[in-house]
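[1] Quick one, what's the 3D model for this:
(3 chains)
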Amino acid sequence: MSDPRLAAVGQEILAIEGVGVRLGGRDVLKDVSFTILPGEFTGLIGSNGAGKTTLFRVILGLRSPLSGSVRIGGRQRSRRNPLIGYVPQKYVLDPDAPLRARDLVGLGLDAHRLGIPRPTRARRDRIDEMLAAVDADGFANARVGSLSGGEQQRVLIAHALISRPRLLLLDEPLANLDLRSGHDIVQLLARIAAEQQIAVLISAHDMNPLLAVMDRIVYLAGGRAASGTTAEVVRGDVLSRLYGHRVDVLHVHGRVLVVAGEHDDDAGRDREGFARAVRSVS
Amino acid sequence: MVDTWIVATIVAVVAGVVGFFTVLRGSAFAAHAIPNGSFAGAAGAGLLGINALIGLGAFSLLGALGIGCLGRRGRRDVATALTLTFMLGLGALFLSMSVEYAPQAYSLLFGEVLGISTNELGPTAALAAVCVAAIALLYRPLMLSSVLADVAEARGISGFRLELCFLLVVALATTMTVPVVGTLLIFSLMIGAPAAARSFTNRPLRAMALSVVLALLTVWTAIAVSFTTNYPVGFFVGAISAACYAAGRTWAALGRRR
Amino acid sequence: MSGVEGAIFGHGFFDSATVHVALAVGAAVALVSGVVGVFAVIRGQAFAGEALSDVGATGASAAFLIGAPSLWGFVSAGVGAAAVMELIGIQRPRGRDLATGIVLGASLGLAALFLYLDTTYHSTTGATATILFGSLFAIDSSTTPVIIGLSLVALVLVVLVQRPLLLSSLNADMAAARGIRVRLVGALYLLALAVAVSLSALTIGAILGTALLVGPAATALRVTKRPGTAMLIAPLIGVAATWLGVVLAYDSFYWPPHGHGWPVSFFVVAVILSLYLLAGLPRRRRARAVAAPDGVR
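    You can find the predicted model right below:
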């Protein structure tokens, strides 16, 4: 079962050590360290602006960190790492674009190669296999842009999986899905992680939908990360140290609520969100 | 007369192939701006006394580079607008310096397909082959980058480099098609046919083939009618492209009702 | 002091009635374009602005044909095209640009037809260039009050709807949830855009009107992050660029080729582009630009 692309058997699939990133004059990430083992289902939890997407971009090789190291499969990170599959947070698939679900999944095999894909039997079978694995065979021939959010998510997952990655990164996959679809996607990913021994790293701002399936949680706050099982990390003392101010963890009907102490700035966040929207248009 | 049909066919093939990606990438503005701005190059060439097409080609290239580079850090449509207007400003300058240019302006803008000569066929066909080959070569990365830019970047496909390559192909395509339909209208051939084609099929390569077919029909019809009525070809290209687009939208809307 | 003045402002600059008209009309048009342009940039409608000014050329050539003043040809064609674009009614930026392109293509085809009929019946071969490039120095001063009046109309329209317009431009869903009639506001804006663009097309040329619309606004948005401030800075940049262009064009009468002068439009566009590039320099060091709203790159 050993993959020749991995530097050594049993190696951590992702090892992050002391990573720091500076964005727009602000230290978004200061000293982030954690490791992920093959086949682990990990939730990267943090509020908006905590640096989840930034961390993903560092892992993908799209941004260089100011400090620290990132090793994937034992080797230094690089762009176009075939070990990583990626599903981004924001994407808009034009409903008019002439592209079927199976075409998009097919691009996952060889988009980096020049030329027009040759429609071989083997290629077609592999695409069908992937579509079936994510329960997307029902709409394989439909236009991607006309699919629902959850269906598009599945297609993107199949696209990421078809090149046989060992680490699957999904940036806030649950953000725009309804509860039911979100639940289905989480179940699907947990199944893939277990069956194919693919490490899954999902980022989210709410850990509750993932509580049942997470092997590990990496909690991101104040530019730092705490990594471990939910029981080890999601505790008042650990999170308070991370945030740098008083934080309480409440358990209500099996759900976890992380509540800030005296430092409540919901009103400020609204304005901040609007200001960010304005900044993004120029 | 046969030469006109041959050239028109070549033009339609290029417009259909390049237009497929133009529409996919939402680059209608760039496809309009590049030939429009290149017009200034023709004026400049006239001043220098060299072949207008050389000036045209040079400015198409400049336009493509301008849009690509400015658009890298700023917004794409702002970059396109500013590149276009600057080149046209240069065009105004060149025009003001040369007096005998005015009649040529009309045919460069709107096309004079009936004036094609046989020895222009070879170079035109060669350039067309280059355009089509470039698109075929870039097909896969361009497809992914156009639809899912972030995922493509993560796979090591540089969106910027592809955008630049694509714009250069558009520049080449519009330069060689100018004698037939003129700078102002080549782009409507490049967007009308593909926009309609994608309403009729959801498979990418079929959509590209259908774009070519619809472009051929557009150009042939436009030439035929222009020949009989003496009205400019460009007028018919614009009208038929709009009709194609409307047909495609109607078909898509009907499909949604089902 | 008068030596420097004499060097900057050519002989007879301040006495010339043509210059007065050029400065007044240019300023009015630049003012309106700057304000309207801020929203054009935010909404990603730069292409619509450019298309509407090209469509104005169709209207002007139709006007030429029937002997009507080109001002009304410009404006009515622009407003008509805006109405068609609204009716096609696509909200997503890519689809909207495509529709804009189709409308533009069809109207340019019409322009070709009108110009062909024009040259056939009236044999005025210079018409093409005049319509497309225009000239600030060639404005009939009797149209000045009309131009200024229409500019005010467009300006007032945009200022009235600016709050709901800004909200619906940044996040259409959120605006709709707050009870804003997103489509109505969008249609009103497109109308103001059509009027503003037609006017600037008439003064500095159909194809070049876009520069005054997009350039100062984009420059202002690079300098400040607040749309309100940008709405104040953009017209200032536009007016400055226009006036500087007028001065340079007047001076260029003495530059080679002598006795001819370089076109105002060239100078205005060159100044606008230079300012935009200058405003972008400090960004080189900072992080890459943040992504634009959904679907718009």
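[2] use CA for all of it now, contacts and neighbours both
    Noted.
[3] residues from the stretch 101-250 of chain A in reach of chain B?
    Within reach of chain B by Cα under 8 Å from any Cα of the partner chain, the stretch 101-250 of chain A has these residues: A:103-104, A:107, A:110-117, A:142-143.
[4] Got a PyMOL select line for the buried ones in these?
    PyMOL command restricting those to the buried ones, with burial defined by 16 or more other Cα atoms under 10 Å in any protein chain shown:
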select buried, chain A and resi 103+104+107+110+111+112+114+115+116+142+143
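[5] Which secondary structure element is home to the closest residue to chain C within the stretch 1-150 of chain B?
    Going by Cα to the nearest Cα, chain C is nearest to B:Gly89 of the stretch 1-150 of chain B, at 4.2 Å. Assigned by DSSP states H and E, B:Gly89 belongs to helix B:76-97.
[6] helices or strands next to that helix in the packing?
    Contacts defined by 3 or more Cα pairs under 8 Å, 6 or more residues apart in numbering or on different chains; DSSP states H and E place helix B:76-97 against helix B:28-48, helix B:52-73, helix C:46-66, helix C:209-223, helix C:264-280.
[7] mind putting the ones you listed in CSV, mean pLDDT included?
    Shown next, in CSV, are the helices and strands packed on helix B:76-97 (pLDDT from 0 to 100):
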stretch, mean pLDDT
helix B:28-48, 86
helix B:52-73, 90
helix C:46-66, 83
helix C:209-223, 91
helix C:264-280, 90
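[8] Redo those helices as JSON lines? Include distance to C:Leu248.
    Shown next, in JSON lines, are these (distance: least, Cα to Cα, whole Å):
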{"stretch": "helix B:28-48", "distance to C:Leu248": "21"}
{"stretch": "helix B:52-73", "distance to C:Leu248": "25"}
{"stretch": "helix C:46-66", "distance to C:Leu248": "25"}
{"stretch": "helix C:209-223", "distance to C:Leu248": "17"}
{"stretch": "helix C:264-280", "distance to C:Leu248": "7"}
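[9] Dump the ones you listed to CSV, plus distance to A:Leu177 and mean neighbour count.
    Shown next, in CSV, are those (distance: least, Cα to Cα, whole Å; neighbours: other Cα atoms under 10 Å in any protein chain shown):
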stretch, distance to A:Leu177, mean neighbour count
helix B:28-48, 32, 27
helix B:52-73, 32, 22
helix C:46-66, 33, 28
helix C:209-223, 34, 30
helix C:264-280, 38, 22
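[10] Between the ones you listed, which one is closest to chain A.
    Using Cα to the nearest Cα, the helices and strands packed on helix B:76-97 put helix C:209-223 closest to chain A, at 5.6 Å.
[11] where's the closest one relative to the chain centroid, distance-wise?
    10 Å (Cα atoms, centre = their mean, to the nearest Å).
[12] cool, and stretch A:113-130?
    That offset, for stretch A:113-130, works out to 26 Å (Cα atoms, centre = their mean).
[13] One more: stretch A:249-262?
    24 Å.
[14] Could you do stretch C:232-245 as well?
    The answer for stretch C:232-245 is 12 Å, by Cα atoms, centre = their mean.
[15] ok, the closest residue to chain B within the stretch 101-250 of chain A to B:Leu88 distance?
    Taking Cα to the nearest Cα as the measure, the stretch 101-250 of chain A has A:Gly115 as its residue closest to chain B, at 4.1 Å. From A:Gly115 across to B:Leu88, the span is 36 Å (Cα to Cα, to the nearest Å).
[16] for the stretch 151-282 of chain A, which spans come out with low pLDDT?
    For the stretch 151-282 of chain A, the stretches with pLDDT under 70 are A:261-282.
[17] Now with 90, please.
    The stretch 151-282 of chain A contains residues with pLDDT under 90 at A:175-181, A:221-224, A:230-231, A:235-248, A:250-255, A:257-282.
[18] Which parts of it are strands?
    A:167-171, A:199-204, A:216-221, A:224-228, A:247-252, A:255-260 (DSSP state E, counting those that start in this stretch).
[19] Which one, of those, ends up nearest to B:Gly122?
    Comparing these by their distance to B:Gly122 (Cα to Cα), the top pick is strand A:167-171, with 51.2 Å.
[20] is chain C contacted by that closest one?
    No. Contact of strand A:167-171 with chain C (Cα under 8 Å from any Cα) is absent, the minimum separation being 15.9 Å.
[21] Residue in chain C with the shortest distance to chain B?
    C:Gly109 (3.7 Å).
[22] give me every residue that touches that residue.
    B:Leu185, B:Gly234, B:Phe235, B:Phe236, B:Val237, B:Gly238, B:Ala239 (Cα atoms under 8 Å, 6 or more residues apart in numbering or on different chains).
[23] any idea how far the residue sitting nearest the centre point of chain A is from A:Ala204?
    The centre of chain A sits closest to A:Leu170, judged by Cα atoms, centre = their mean, with a distance of 2.4 Å. Using Cα to Cα, A:Leu170 is found at 9 Å from A:Ala204.
[24] who does the longest helix along chain A touch, helix- and strand-wise?
    Ranked by residue count and defined by DSSP state H, the top helix of chain A is helix A:179-196. If contacts are counted by 3+ Cα pairs under 8 Å, 6+ apart, helix A:179-196 sits against helix A:149-161, strand A:199-204.
[25] Now do the SS call for the closest residue in space to B:Leu65 that isn't next to it in sequence.
    Among residues not flanking B:Leu65 along the chain, B:Leu164 sits closest, at 6.8 Å (Cα to Cα, 6 or more residues apart in numbering or on different chains). Assigned with DSSP: H, G, I helix; E, B strand; the rest coil, B:Leu164 falls in the helix class.
[26] Around B:Leu164, how many other residues sit close by?
    Neighbours of B:Leu164 under the rule other Cα atoms under 10 Å in any protein chain shown: 19.
[27] The one 5 residues further on now?
    For B:Val169, the tally of surrounding residues (other Cα under 10 Å) stands at 22.
[28] and it, what is it in contact with?
    Contact partners of B:Val169, counting by Cα under 8 Å, 6+ apart, are B:Val18, B:Cys131, B:Ala134, B:Ile135.
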